[in-house]
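Trainee: Take this sequence and fold it.
(one chain, ligands or ions: 3)
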Amino acid sequence: MDQTPRNPRRRRLLAGGIAAGIVATAGYFGLKHRHGNEGLSARATSFRNKLRIPGASARLGEASEAADASIVLQTGIHPQPILEGAASDIWTYSHRNAAGQLQHNPTLFARTGSRLKVSLDNRLGDDTTIHWHGFAVDELNDGSGLHPVRHGQRYDYDFEVRNRAGLYWYHAHPHGQTGLQVHKGLAGLVVVEDDEEISLQKRLGLTWGVDDIALSISDKQFGPRNKIIHEIAADDWIGNEVLINWTPDPVFEARPGWLRLRLANTSNARLYRIAFASDEGANLPFQLLGTDGGLLDKPYRMETAFLAPAQRLDLLLDLRSAKAGEWLMMRSLAYDPMENDAGIGMPEDPAMEHPGAVPMGENMDLLLIRVAGEARETAGELPTTLSAHGIGIREDAKRRPFRLWIQDSGRWMINNWNYHLAHGGDVFEIARGSVERWEITNEMVSMPHPVHLHGFQFIVTGRTKSPKQVAEQAIDPRGRTPHDMGLLDTVLVWPGETVSIQIDFSQPYSGKQRYMFHCHNLEHEDQGMMIGFAVTD
Ligand code: C2O
Ligand code: CU
Ligand code: CU
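Mentor: Ligands and ions are numbered 1, 2, ... in the order given. As a prediction, this is how the structure comes out:
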């Protein structure tokens, strides 16, 4: 690949805040003396905070029992102790459960075919919405900026869950303020289940909250008095702490057996390259079971996988022969961030917006997994087939090209569109029921863009001109990686690359339904790297 300079905006950062400590004792799994993980055991000792587990505490990350009954989510500001010292002013969706406990950003559960009914009670002091990310909904239930909910008002979302089983999420999506509101905390997870999913859990002997864990990963920028900071009109808002389920430097105790981790990248802009490492050992391979839209056709063995903002990964780790006391570290491995947009429309020596943040693309330790307790008897074998989405590639699909690029002024564009320049109007209409192939090309002078479609999931039909770090993961002649083998709602397009996706615009709604297609780097979205389109009769 071309060696284009990295963006100086993000090069002038202080070193990451990982404290060294005493040397931990145990190695793990007999994988020793390979390269790349120097000093990991020293750093691992600073991971001391018990991971918040959805379903296990009344704080952030709690699961809701009330899946069928109507749920009221009230927006507001709730100080929560996150780092040592002062509580942080987190913006949350609060819910009072049947037992009268107040839950913040509850994890919601739904079954395919059931209805999800949630009322938003907005007490934020500003407009907001709840966008149901990844869900096949109509416009009124999409929670986009087209339907803002004013302060003091209520809005009822009520839709049939038409999606496959998988991990989805919900977040604020008010016009121009999505980055701010999500960074401040307005996001939660939704777990969708169906019979196939439940039988996989049974077969592997998995228990939700014990060895089947959802991990919402987001970096936040903390300032004085632990305040969470976000500046409107900033670019690429990365943070100086990576939190998992709102836990900094988290540690999780796993029993020997299968460990399923369902990751959601709920960060504004940070891209991770997920791997599992020991202090001096190799990366422990994992099985990729699923992505945004649920289970893949079969498990894919991988050592590292990119996880872009808004994407989900369903991973299985084999800890069946692990011994108590052994540990491994979930990390983000170094990668080339390809921020080739250096200096365009930005001052050469900008203010340090993210003091303490680890620059994009550098190694980061994310979660310490420590093995404790006895192995279970129940762990079965991993099936060789998982699930089929049953969607074939259609060569007759209508082609629609998109180009991602940056103007000299620093404005991100999709073709000749920018949401603000288009005043939020629809830039094209699509006949309901048609199948299209969108060919999304990212310029070389650009950066990676995780592009996201509202209302419909899609399959990837091919990747061309991928950078080496992506091309080396390809598993078919179309250039697709394991991550591309299922249904997605967000796909990462690297500089120089063209990614083709196939979308079936069938839906059981009528009239005109308006949706969005945008970059899920939330600062890019807020700056208008988004188009509106309509699906019509
Ligand atoms: Cu998750 Cu339009 O966004
Ligand atoms: Cu969305
Ligand atoms: Cu972008």
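
Trainee: Please verify my assumption that Gly113 contacts Val161.
Mentor: Yes: Gly113 lies in contact with Val161 (CB atoms under 8 Å); the separation is 6.6 Å. Bear in mind the C-beta positions are built from the backbone N, C-alpha and C, glycine included.

Trainee: Between those two, point out the one with more neighbours.
Mentor: Val161 (22 against 11; other CB atoms under 10 Å).

Trainee: Mind checking what secondary structure the closest residue in space to that one that isn't next to it in sequence has?
Mentor: Excluding the flanking residues, the one nearest Val161 by CB to CB, 6 or more residues apart in numbering is Ala110, at 4.7 Å. Under the three-state scheme (DSSP: H, G, I helix; E, B strand; the rest coil), Ala110 adopts strand.

Trainee: shouldn't Ala110 be in contact with Asp194?
Mentor: No: the pair Ala110 / Asp194 is not scored as a contact, 10.1 Å apart, by CB under 8 Å.

Trainee: what about those two, which has more around it?
Mentor: Per other CB under 10 Å, whichever of Ala110 and Asp194 has more neighbours is Ala110, with 22 against 19.

Trainee: How about the contacts made by the more buried one?
Mentor: 67, 116, 161, 190-193 (CB atoms under 8 Å, 6 or more residues apart in numbering).

Trainee: same thing but 10 Å
Mentor: 67-68, 116-117, 135, 159-161, 163, 165, 168, 190-193 (CB atoms under 10 Å, 6 or more residues apart in numbering).

Trainee: doesn't Thr481 make contact with Leu296?
Mentor: No: counting by CB atoms under 10 Å, Leu296 sits too far from Thr481 to count as a contact (11.5 Å).

Trainee: Find residues that contact each of those two.
Mentor: The overlap between the contact sets of Leu296 and Thr481 (CB under 10 Å, 6+ apart) consists of Leu288.

Trainee: count of neighbours near Glu253?
Mentor: When neighbours are defined as other CB under 10 Å, Glu253 has 14 of them.

Trainee: how about low-confidence regions in this structure?
Mentor: Within the chain, the stretches with pLDDT under 70 are 1-38, 55-59, 65-69, 279-281, 346-352.

Trainee: Which parts of it are helices?
Mentor: 40-44, 178-184, 195-204, 468-471, 522-526 (DSSP state H).

Trainee: Identify the residue nearest Trp258 in space, chain neighbours excluded?
Mentor: Closest to Trp258 by CB to CB, 6+ apart is Leu204, at 5.0 Å.

Trainee: who touches the one you found in this structure?
Mentor: Taking CB under 10 Å, 6+ apart, one finds 211-212, 257-260, 289, 316, 378-383 in contact with Leu204.

Trainee: And for Ile475?
Mentor: Contacts of Ile475 (CB under 10 Å, 6+ apart): 300, 302, 481-485.

Trainee: and the gap between it and Lys298?
Mentor: When distance is defined by CB to CB, to the nearest Å, Ile475 is 11 Å away from Lys298.

Trainee: Give the burial count for the closest residue to Val242 other than its chain neighbours, as a bare number.
Mentor: Ranked by CB to CB, 6+ apart and with sequence neighbours excluded, the top spatial neighbour of Val242 is Asp219, at 4.6 Å. Using other CB under 10 Å, Asp219 has 25 other residues around it.

Trainee: just to revisit the earlier point, which of the contacts of Leu204 fall in strands?
Mentor: Within those, membership in strands is found for 212, 257-260, 289, 316, as judged by DSSP state E.

Trainee: possible to save those residues as CSV with distance to ligand 3?
Mentor: As requested, the ones in strands among the contacts of Leu204 are exported to CSV (distance: CB to the ion, whole Å):
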residue, distance to ligand 3
Asp212, 32
Gly257, 39
Trp258, 36
Leu259, 33
Arg260, 30
Leu289, 28
Leu316, 30
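
Trainee: In contact with the residue of the stretch 401-537 of the chain found nearest ligand 2, which residues are there?
Mentor: In the stretch 401-537 of the chain, the residue that lies nearest ligand 2 is His454 (4.9 Å; CB to the ion). By CB under 10 Å, 6+ apart, the residues touching His454 are 131-137, 139, 142-144, 173, 489, 513-518, 530, 532-533.

Trainee: Could you tell me which residues touch both of Ile475 and Lys298?
Mentor: Residues touching both Ile475 and Lys298 (CB under 10 Å, 6+ apart): 482, 485.

Trainee: Find the nearest non-adjacent residue to the residue in the chain positioned nearest to ligand 1, please.
Mentor: Nearest residue of the chain to ligand 1: His133, at 3.7 Å (CB to the nearest ligand atom). Nearest non-adjacent residue to His133, counting by CB to CB, 6+ apart: Trp169, 4.9 Å away.
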